[in-house]
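> Quick one, structure for this:
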Amino acid sequence: MSTGIILILHGPNLNLLGEREPDIYGNMTLEEIDRTLKKEGEEMGFTVQCFQSNHEGELINRIQEAAKTCVGIMINPAALSHYSYALRDALSAAGLPLVEVHLSNVFARESFRQHSVITPVAEGMICGLGPESYLLGLQALVKILKKQQV
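Predicted coordinates for the structure are as follows:
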C-alpha cells in the first residue's frame with residue numbers, strides 16, 4: 001500500500017544519460033535510473049513518478065500539478081540549477097518536501113556549477129555519487145516524509 005506519490009524530476013539533457021560524457025555522468029541510462037527509483041520507492045511504501053524535460057516550463061507545470069497530488073519532490077535540475085529562479089519559485093510555492101540531487105560532484109567542477117538557486121528551498125542536496133545520488137536522495141526524502149507523518 002502506497003503512502004503517497006513522490007515526483008522525481010530530471011532536467012535538461014538527462015535524457016542523454018548513458019551516452020553523454022560517461023566519464024562524468026556514468027553509463028546508466030535515465031530509464032534504468034527511473035526503474036530503480038520506482039522499485040526502491042515501492043519497497044519503501046511510496047509510488048514514484050518520474051518525469052524528464054529539456055523545457056523549463058514543462059518542469060514547472062509538473063511541479064504545480066504535484067503540489068496537488070504528491071507528498072514530495074526530488075529533482076535533478078541539471079543546468080537549470082544555476083539560474084532558474086522560475087523553477088526555484090515553483091518548487092518553493094509547491095510547499096512539498098524537496099531534495100536536490102546531482103550525479104556529478106558540482107563542487108569539483110566549473111565555478112558556475114558550484115552555485116544552485118534551488119538548494120536554499122530544498123531540505124538538502126546530494127551530489128557526486130553517480131546514480132547512487134538518486135537512491136540516497138530518495139531514501140532521505142522518504143525519511144523526511146515519515147518524520148512528518150509522526
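
> Count the neighbours of residue 15 for me.
Other residues near residue 15 come to 16 when the count uses other C-beta atoms under 10 Å. For glycine as for every other residue, the C-beta is placed from the backbone atoms N, C-alpha and C.

> so what's it up against?
Under the criterion of C-beta atoms under 8 Å, 6 or more residues apart in numbering, the contact partners of residue 15 comprise 30, 52, 54.

> That one belongs to a helix, doesn't it?
Yes. Counting by DSSP: H, G, I helix; E, B strand; the rest coil, residue 15 is located in a helix.

> What is the least confident helix or strand in this structure?
Within the chain, no helix or strand scores below helix 22-25, which has a mean of 68 by mean pLDDT, DSSP states H and E.

> what's downstream of that helix, the next helix or strand?
Tracing the chain C-terminally past helix 22-25 and defining elements by DSSP states H and E, one meets helix 30-43 next.

> hang on, the earlier thing: now the buried members of the contacts of residue 15.
Neighbour-count burial within the contacts of residue 15 applies to 30, 52; the criterion is 16 or more other C-beta atoms under 10 Å.

> where are the low-confidence patches of this protein?
Under the criterion pLDDT under 70, the flagged ranges of the chain are 1-2, 22, 24-25, 107-110, 112-114, 150.

> Run through the helices of it in chain order.
Shown for the chain, the helices assigned by DSSP state H span residues 22-25, 30-43, 56-69, 85-94, 131-149.

> I'd like to know which of these lies nearest to residue 76.
The closest approach between residue 76 and any of the helices of the chain, judged by C-beta to C-beta, belongs to helix 131-149 at 7.3 Å.
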